[in-house]
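[1] Following is a predicted model, sequence given first.
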Amino acid sequence: MADRSTNEEQSQSIINLPKVLLHGPPGFSSLLQPPYSLKFHILNNASLPLHHFLANHAHLCSSVAAVLCDGGYPITTDLLSLLPSLRLVVTSSAGTDHVDLEECRRRGVRVAGAGNIFSQDVADLAVALLIDVIMKISAADGCLRKRHGLSWRDFPLGSKLTGKKVGIVGLGKIGLEVAHRLEAFDCMISYNSRSKKPFVSYPFYSSVVELATNSNVLVLCCALNDQTRQMINREVMLALGKGGVIVNVARGALIDEKDLLRCWLEGEIGGAGLDVFENEPLDCEELFSLDNVVLSPHAGFSTLESYIGICQLVGRNLEAFFSNKPLISPVI
Amino acid sequence: MESIGVLLVAQVIPYLEQELEKRYKLFRVWEYPQLPIEHANSIRAVVGNASAGANAALIEALPKLEIVSSFSVGVDMIDLDTCKEKGIRVTNTPDVLTEEVADLSIGLMLALLRRICQCDRYVRAGNWKKGDFKLTTKFSGKTVGIIGLGRIGEAVAKRAEGFNCPICYYSRTEKRDSKYKYYPNVVELASNCDILVVACPLTKETHHIINREVINALGPKGYLINIGRGKHVDEAELVSALQDGRLGGAGLDVFENEPVVPEELFGLENVVLLPHVGSGTIETRHAMADLVLGNLEAHFLGKPLLTPLV
């Protein structure tokens, strides 16, 4: 009897807590660590597909005020209309291309993102991929491990990073961190962005083609939206020139992948370091077999330090919201 | 100039070999297991590299030797004392490879902490479909300890600072005007940094400067980057530490007995292994070759040497 009443008490106390609906991959619930995991009534702990979960728990729909979602798990008009009491979307990603921001705005739903948590790690990865491609680090390591018997003398020579002309596409938080790092290598930085940044001394180019014409390397750090989708196309790649290198740590769909492969096979491009792809996880035999490419499994933010940071941040955003305090990292 | 004998004791880039052939009477040591006396007496210069130079025996065998011009910045394969004694000039290739070696050191640190090589293999093997790669270690903000704050050490420091890495160092003497924190010995340096970089010349004193004590001080969350010489590191101790988990990881461009790489390292995930590519860019190798040629030319024209060591 005592056990049952304790359970009932526990259920009662959970029921009174604010509801947070999870929309992410298996294991997503581990993002909410104590003390935050104890402050909310967490729905869809098992990370079922959301429409499936909501269909089986229709009675909960009308009382959900907050959704915690992962990047790539879309917040659509359909979903928003299933949750009439929704007031907050917290995404654990830096990107917000999976959230219908316009519809959220229209409905008065706030959105919080990853803020600056990942910026350094993503910038580090951009530089890591760049150095790896041009100095052939992964290629050399792989060769040695396979014990090809390749004479060390015959290993193909690379190129140095120092002094390269780097064009950054998108000079937001991440773009600025990338620029700061590459300045230490005496790289010449220029950029393209929606608009010229007033307090920045790097040369600005109003078109990506112009930026590419004046660079040896392009680093993509911008958001994905209707204006930027597939903007890195054949014209840009040809402008960058043979020997040019593209690094993408933003969103795969910024690059026209068909054009990329074509330019590759024609020798119009020197190399690429890619952390993101149009379809993830990557399953493209043609890309797998290319040399002068370094592939990364969308790992820009996947360090222990960033993980601890995002766990804290999502918890703090939810807590702030439900205490009527300002969001820590608001997007809208 | 055609009659000046030059002995090439190591393989160098084709451009250098061709130019030496054009300008001098070139002897390649691998074509002469026993160098005939008349050739030996015509040799006035030796051109070597990081792995082969001029030891006392070779110097003795070349009575007309005037200059050793190395296609490398490290000259541990040249018997400098004997050269000094006999008034033989020695030149190397400083500065032209500084930036590139520094670029590579940062590349190694990033590749090691962020597991770039493993991630690339993971994706290519189709493993991403089965699940995300595990969490790696952040590089920005880690403390970088540098052994030897010369040209290369300073260039490494400058680049690491771009990642907000605090810098500390050990060198034979403290650099009074350096903004970086100095430690009077390598063990203390290793205890106080996350990533230890070997960037000093190889001498009797720095042989096996990375030994068991230093490795243990660096510890299971520490990383070693060697862009110096293989003999800076007690390789057997390093391998054992990596296997035991006493060291977090290692990025190695050089090995004690190149081109031999200890077999045990191939199976480890927390190492990055490179075939001595430290100066392996087209621009740098060309610039190094021009220095070798420029030094030889200056010497035989009686002009000041470009980059003399002795």
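    Yep, that arrived. On a predicted model such as this, the values are computed, not experimentally measured, just so you know.
[2] in chain B, what residue is nearest chain A?
    Residue nearest to chain A within chain B (CB to the nearest CB): B:G162, separated by 2.8 Å. Glycine gets a C-beta too; all of them are placed from N, C-alpha and C.
[3] my read: that residue touches A:A179, true?
    No - no contact is recorded between B:G162 and A:A179 when judged using CB atoms under 8 Å, the distance being 9.7 Å.
[4] who has more neighbours, the two?
    When neighbours are counted by other CB atoms under 10 Å in any protein chain shown, B:G162 and A:A179 differ, and A:A179 comes out ahead with 22 against 19.
[5] Now that one. Nearest residue, chain neighbours left out?
    Nearest non-adjacent residue to A:A179, counting by CB to CB, 6 or more residues apart in numbering or on different chains: A:I189, 4.8 Å away.
[6] Strands along the stretch 101-250 of chain B, start to end?
    Secondary structure of the stretch 101-250 of chain B by DSSP state E, counting those that start in this stretch: the strands cover B:144-147, B:167-170, B:181-182, B:195-198, B:223-226, B:249-252.
[7] helices or strands up against the shortest one?
    When contacts are defined as 3 or more CB pairs under 8 Å, 6 or more residues apart in numbering or on different chains; DSSP states H and E, strand B:181-182 packs onto strand B:167-170.
[8] CA-only coordinates of the strand it packs on in CSV, if you can.
    Backbone C-alpha positions of strand B:167-170 (Å, rounded to 0.1, in the frame of the first residue of the first chain) are rendered in CSV as follows:
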residue,chain,number,x,y,z
ILE,B,167,51.3,28.7,-24.3
CYS,B,168,54.2,27.6,-22.1
TYR,B,169,57.6,26.4,-23.0
TYR,B,170,60.9,24.9,-22.0
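[9] helices and strands around that strand, which ones?
    Judged by 3+ CB pairs under 8 Å, 6+ apart, strand B:167-170 is in contact with strand B:144-147, helix B:151-161, strand B:181-182, helix B:186-191.
[10] Output the longest helix belonging to the chain.
    Reading this off chain A. Of all the segments of type helix in chain A, defined by DSSP state H, the longest one is helix A:304-322.
[11] Please refer instead to chain B.
    If you go by DSSP H, chain B has its longest helix at helix B:282-300.
[12] and for that helix, what are the contacting residues?
    Counting by CB atoms under 8 Å, 6 or more residues apart in numbering or on different chains, the neighbours of helix B:282-300 from elsewhere in the structure are A:157-160, B:1, B:4, B:6, B:12-13, B:15-16, B:19-20, B:23-24, B:44-45, B:47, B:66-67, B:69-72, B:89, B:91, B:93, B:96-97, B:100, B:279, B:303-308.
[13] For A:L38, grab phi and psi.
    phi -90, psi -10 (degrees, to the nearest 10).
[14] Up against chain B, what does the stretch 51-200 of chain A have?
    Contact residues, the stretch 51-200 of chain A versus chain B (CB under 8 Å from any CB of the partner chain): A:120-121, A:123-125, A:127-129, A:131-132, A:135-138, A:140-145, A:147, A:150-153, A:155, A:157-163, A:180-186.
[15] Among those, which lie within strands?
    Counting by DSSP state E, no part of these is found in strands.
[16] Return the subset of those lying in helices.
    Those of those mapping onto helices are A:120-121, A:123-125, A:127-129, A:131-132, A:135, A:137-138, A:140-145, A:180-183, per DSSP H.
[17] Kindly write the PyMOL command that selects the buried subset of those residues.
    Selecting in PyMOL just the buried members of these, where the criterion is 16 or more other CB atoms under 10 Å in any protein chain shown, is done with this command:
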select buried, chain A and resi 120+121+123+124+125+127+128+129+131+132+135+137+138+140+141+142+143+144+145+181+182
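[18] Beta-bridge partners for A:V111, please?
    When bridges are taken as DSSP bridges, the partners of A:V111 come out as A:V89.
[19] which residues of chain B score low on pLDDT?
    Low-confidence segments of chain B, defined by pLDDT under 70, span residues B:1-2.
[20] Mean neighbour count for the helices and strands packed on strand B:167-170 - can I get that in CSV?
    Conversion of those to CSV gives the following (neighbours: other CB atoms under 10 Å in any protein chain shown):
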stretch, mean neighbour count
strand B:144-147, 26
helix B:151-161, 23
strand B:181-182, 15
helix B:186-191, 20
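[21] just to revisit the earlier point, buried residues in the longest helix of chain B, which are they?
    Residues of helix B:282-300 classed as buried under the neighbour-count rule (16+ other CB under 10 Å) are B:283-285, B:287-296, B:298-300.
[22] In space, not sequence, find me the middle residue of chain B.
    For chain B, the residue nearest the mean C-alpha position is B:G228 (3.8 Å; CA atoms, centre = their mean).
[23] count of neighbours near A:G108?
    By other CB under 10 Å, the residues close to A:G108 number 9.
[24] per-residue confidence for it?
    We have a pLDDT of 97 for A:G108.
[25] which residues does B:W30 contact?
    Going by CB under 8 Å, 6+ apart, B:W30 touches no other residue.
[26] what sits against residue 25?
    In the absence of a named chain, this looks at chain A. Under the criterion of CB under 8 Å, 6+ apart, the contact list for A:P25 reads A:S47, A:D70, A:Y73.
[27] my bad, the chain I had in mind was chain B
    Each residue near B:K25 by CB under 8 Å, 6+ apart is listed here: B:E2, B:S3, B:I4, B:G5, B:V6, B:S42.
[28] Tabulate those residues in a markdown table, adding columns for distance to B:V123, secondary structure and neighbour count.
    Formatted as a markdown table, the contacts of B:K25 follow (distance: CB to CB, whole Å; DSSP: H, G, I helix; E, B strand; the rest coil; neighbours: other CB atoms under 10 Å in any protein chain shown):
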| residue | distance to B:V123 | secondary structure | neighbour count |
| --- | --- | --- | --- |
| B:E2 | 55 | coil | 7 |
| B:S3 | 58 | coil | 8 |
| B:I4 | 54 | coil | 18 |
| B:G5 | 54 | strand | 20 |
| B:V6 | 48 | strand | 23 |
| B:S42 | 57 | coil | 16 |
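[29] how about those residues in CSV, adding distance to chain A?
    What follows is the contacts of B:K25, written out as CSV (distance: CB to the nearest CB, whole Å):
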residue, distance to chain A
B:E2, 28
B:S3, 30
B:I4, 26
B:G5, 24
B:V6, 20
B:S42, 27
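[30] I'd like the residues you listed as TSV, with distance to B:G153 appended.
    Rendered in TSV, the data for these read as follows (distance: CB to CB, whole Å):
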residue	distance to B:G153
B:E2	42
B:S3	43
B:I4	37
B:G5	38
B:V6	33
B:S42	41
